[in-house]
Structures are given as structure tokens and as C-alpha cells.
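Q: Just a sequence and a predicted model for now, questions to come.
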Amino acid sequence: GGTLTFWGVSEFKVLRAQIPQWIKMAAVGGLAFFIFCLLSPWSLLDFTGFTNSMNYEWHVVSISDACYVIQFKDTLRYIFQLVNLVSVELWWPLGLTAVAGMALVLGRFIASLIRLKKSGYLLPAPFAGNTGFALSLPDLLIVSWFIPFFGCIGDWNTKFIRYMVPLIPAFCIFAAELMANLIQWAKNKFSFGRILKPVLIALVIGPSLFYSLAYMHVYRYLHPWIESSIWIFKNVPQGSMVLKEAWDDGLPTGVDHSIDPRVEGSKGPQNYRQQDITIYEMHGFPTDDTPIKKNYYANIIQQGDYISIASKKLWYTLTACTPEFKPNGYNVYPVTSRYYRLLWSGLLGYKMVGEFHNFPGIFGWQHPDDMAEESFSVYDHPRVYIFKKVEVVPPARVIKLLSSDDYVKGIDRDLMRTITPENV
């Protein structure tokens, strides 16, 4: 505080000249606070509840121990978000250009902070006399938002890619800046530099438009939960026991004739018996490799006629959480990992009879995105699986299968993603 005060006094003339700008900034801050209070009044009316909620959410994003965010354990900060930004959010051409543009702008910004100028500077340097930072005003405006925001969310343990959505305009600006710089550099260096502009547009903007149109394919068809529910109504006898996963949506969901003419009247979960499978439950132990969990799976699958898996939320995450795949990482679900791999392989007496997906695609091309961070797909186009009991496997046999990796060697998430009712 004393250091900043001394600097402020030494640069008093500059600061005094900037008073109108400081007043404008304070007015903007006051307006932002007023809008916040207007749109979220209970944040003040129930301030205790608001702070408790914020503390809980902060715990979720910083510790990542809630059951629905353990998929982010062992993922690299910042890198994980950038990989998903490139591979599914912006897609590869624009995504790579945006990340390269980010490196250009941030590198230029850091260089401006290191190399002080005696004239033409934008901001005075502290304790450096008549020198300052020759920052680019556009760079300063965007990085003053980008660095604090990405610096904060990129360091969280919980890395839902929806947190990156506010930064997508900034990344697009980075991409545009890189392309503009490349075009100008080519014009100055080469006689054929003029053709670089249409080439870059074709290579970057063209694929982005193609990917956007392909993604809209998701909304041309029924949601996979509805499509799978209609299949259940037609193929699963009413009154059957359908096991569903806790912490995920159950199937079938409610569908009536107004949604799809293939449905007579109104049907839904009321036409079936349902029971939750508590996949995440550890029964008080630090690992699920216990007799309790093995006995639980052995008994629960005896009760079902079908098993519905509404999304990748659990199976895709927990299949990898085993010492076989993560010798040194988060590997406390070895039994659940075996359960899923045994289920897919048919060794638990269930056979995959239904698989429903709606990947982005256009002109016969599809982009399977069920390997990306789950929030990109599980809400509007999840991949759904239905398994039917075709054989009764005794509990003792199930426990034996769940006790060793030997029965599921060679089965991993990549292989499981390729399995459908047609090739099972």
C-alpha cells in the first residue's frame, strides 16, 4: 500500500489528468452493480443464502470432489480447456488459429510491459521517470478482460467448458488479429501476398461455417432421450423393471402423441417399474473395491429386466478411474470400471439392444463428439444405451467377475464407444 501511495504521489500530475476517466470507470462500475441488484435482488435480500451458495460452488470448482465433477481429476489446468475449445467448441481450423492468435497478442502485451518507451507510451511506468508502457489500446482492452477471467477459471479443478463461453468472442478476435497480421506481412514480403487473404478465409472461416451447419444437425431430429423412449414403448413390455443410474436422467421419459405421432396417447416412466443404481456410492470406504460394492452390483442386476444409460456422465468417467488405466491418478472405482466393461461385453447377462445418438453432421459426414467434456453433449445430444437381460448370471459369478481385471482385459472406453447393437 505504501509503495502504491508513493507511486501515486510521484505520478500525481498524470493521475490528476486522468480524473475524468476514473470517474467514468466508477460510473460504469456503479451501473454494473445496480444492474446486478436489479436482476438478482435475492443476492442482497438473502445475503446469507447467497454467500452459502457461492461458498458451495467455490468448493465444487476448487476441490473437485463432488461426484458429478470427478471427471476433471487428473486433467491439466488451462490445457484441458484449450484442447476442448479447439476440438469441439471452435473446431480445429478456427480453434488452432485462435490459440495461436492468443499467443501472439499475449506475447506482444508482455513485450510491451518489458520494453519501456520514452515517448508514445499509453501508461506511465512506476518509478521510471518519463517512461511508460507503449501498449496497444486494443490489446489492453481485450487482455484486461481475458487475463483475469481465463487466469481464474483455467486454474479451477472443475473445468466445464461452458465456463469458456464468455471467452469465445475474445478468441475469435485473437484469430482475426493473427490472420490480419499474416495478411499484412505477406503483402509486404511477397508479390503473391494478396492471395493470402482469400486462402485464409477459405481455410479458417470456411470450415467454421461448415462445422456450424453440421452442429445444427443436432436440432433437426428428436432428442436421443425421446427417440430412445419411443423405442422402449415399442419394444419393452409395460411393467418391466428398468434399472437407471442415480445422478442421471432415467428412461423412458414422458412422450405423448403431440410430440411424436408414433406414440399413442401419453406414455412415460409410469408405464414401467424403475430403480436407481447408485453408481457413485462408496459405502463409506475410500475405494469401491470392497465386498459391499461387489455384492451390491451382484444383487441389483438380478432385479432388472433392462438397464438404461442416459448419457456418458458416469460410464465414461468411471470406466477410466481404475489402477489399470490410472496407476498413479484418481483410481478409486476399479469395481465400477469392471462393471461397465463387463456390461458392454455381455458377461453380466445383459445385451446391448439399443443405442441412440445424434452427432453433428452434414452431407453424410459425422463428427462423434461423445469423447469431449461431457457438458458439450449430454444436455442436447447425449448418447444413450439400452441393455436387455438375456441370461441370469448368478450373484457368485458376478462377484467373481468384478474381482479381477482379467475378464475385461483389452476393453477400454475407446473400444466401448465403437460397440453398438449391430456389432455387439
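A: Cool, the structure landed. Everything numeric in this text was worked out from a predicted model, so none of it was measured. Numbers count the residues shown, from 1 in each chain.
Q: quick one: low-confidence ranges for the chain?
A: Scanning the chain for pLDDT under 70 picks out 1-18, 64, 127-128.
Q: Relative to the whole chain's centre, how far out is stretch 131-140?
A: 34 Å (Cα atoms, centre = their mean, to the nearest Å).
Q: For it, C-alpha coordinates in PDB please.
A: Once non-C-alpha atoms are left out, stretch 131-140 reads as follows in PDB (Å, rounded to 0.1, in the frame of the first residue of the first chain):
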ATOM      1  CA  THR A 131       9.000   6.400 -19.400                       C
ATOM      2  CA  GLY A 132       6.000   4.200 -19.800                       C
ATOM      3  CA  PHE A 133       4.400   1.200 -21.400                       C
ATOM      4  CA  ALA A 134       3.800   1.500 -25.100                       C
ATOM      5  CA  LEU A 135       0.800  -0.700 -25.000                       C
ATOM      6  CA  SER A 136      -1.600  -1.200 -27.900                       C
ATOM      7  CA  LEU A 137      -5.000   0.100 -26.700                       C
ATOM      8  CA  PRO A 138      -6.900  -2.700 -28.500                       C
ATOM      9  CA  ASP A 139      -4.600  -5.200 -26.900                       C
ATOM     10  CA  LEU A 140      -5.000  -3.600 -23.500                       C
END
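Q: quick one: contacts of it?
A: 105, 108-109, 112-113, 115-118, 120-125 (Cβ atoms under 8 Å, 6 or more residues apart in numbering). All C-beta atoms are positioned from the backbone trio N, CA, C, and that covers glycine.
Q: List the buried residues for that stretch?
A: Within stretch 131-140, the residues that count as buried by 16 or more other Cβ atoms under 10 Å are Gly132, Phe133, Ala134, Leu135, Asp139.
Q: Which of the contacts of stretch 131-140 fall in helices?
A: By the criterion of DSSP state H, membership of the contacts of stretch 131-140 in helices covers Val105, Arg108, Phe109, Ser112, Leu113.
Q: Near the fourth one, how many other residues are there?
A: As a burial measure, the neighbour count of Ser112 was computed by other Cβ atoms under 10 Å and equals 20.
Q: The first one too?
A: Neighbour count for Val105, taken as other Cβ under 10 Å: 22.
Q: Now do the contacts for it.
A: By Cβ under 8 Å, 6+ apart, the contact list for Val105 reads Asp139, Ile142, Val143, Phe174, Glu177.
Q: swap in the second one?
A: The neighbourhood of Arg108, defined by Cβ under 8 Å, 6+ apart, consists of Ser136, Asp139.
Q: For Lys388, state which of the buried residues of stretch 131-140 is nearest.
A: Distance to Lys388 across the buried residues of stretch 131-140 (Cβ to Cβ) is lowest for Asp139, with 59.2 Å.
Q: so which helix or strand takes in the closest one?
A: Applying DSSP states H and E as the criterion places Asp139 in helix 137-153.
Q: returning to what we had before: what is the nearest of the ones in helices among the contacts of stretch 131-140 to Val263?
A: Lowest distance from Val263 to those (Cβ to Cβ) belongs to Val105, with 53.0 Å.
Q: now, among the contacts of Val105, which is nearest to Pro261?
A: Minimum separation from Pro261 among the contacts of Val105 (Cβ to Cβ) is found for Phe174, which lies at 47.9 Å.
Q: The closest one and Phe133: what is the separation?
A: Between Phe174 and Phe133 the distance is 20 Å, computed by Cβ to Cβ, to the nearest Å.
Q: One more: Met164?
A: Relative to Phe133, Met164 is positioned 28 Å away (Cβ to Cβ).
Q: quick revisit: which among the contacts of stretch 131-140 end up buried?
A: Among the contacts of stretch 131-140, those scoring as buried are Val105, Phe109, Ser112, Tyr121, Pro124, Ala125 (criterion: 16+ other Cβ under 10 Å).
Q: can you put these in TSV and add distance to Val28?
A: Converted to TSV, the buried ones among the contacts of stretch 131-140 look like this (distance: Cβ to Cβ, whole Å):
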residue	distance to Val28
Val105	23
Phe109	22
Ser112	24
Tyr121	24
Pro124	22
Ala125	26
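Q: Just give me the closest of those to Ser375.
A: When the buried ones among the contacts of stretch 131-140 are compared for distance to Ser375 (Cβ to Cβ), Val105 comes out closest, at 27.3 Å.
Q: Helices along the stretch 151-300 of the chain, start to end?
A: 168-189, 196-200, 206-216, 224-235, 291-303 (DSSP state H, counting those that start in this stretch).
Q: buried set for the shortest one?
A: When you say that, I think you mean helix 196-200. Within helix 196-200, the residues that qualify as buried by neighbour count (16+ other Cβ under 10 Å) are Leu196, Lys197, Leu200.
Q: now what about it, what contacts it?
A: Met179, Leu182, Ile183, Ala186, Lys187.
Q: Out of the residues you listed, which end up buried?
A: Taking 16+ other Cβ under 10 Å as the criterion, what is buried in the contacts of helix 196-200 is Met179, Leu182, Ile183, Ala186.
Q: Quick check: nearest residue in space to Gly206, chain neighbours excluded?
A: Computed as Cβ to Cβ, 6 or more residues apart in numbering, the closest residue to Gly206 that is not its neighbour in sequence is Pro93, at 8.0 Å.
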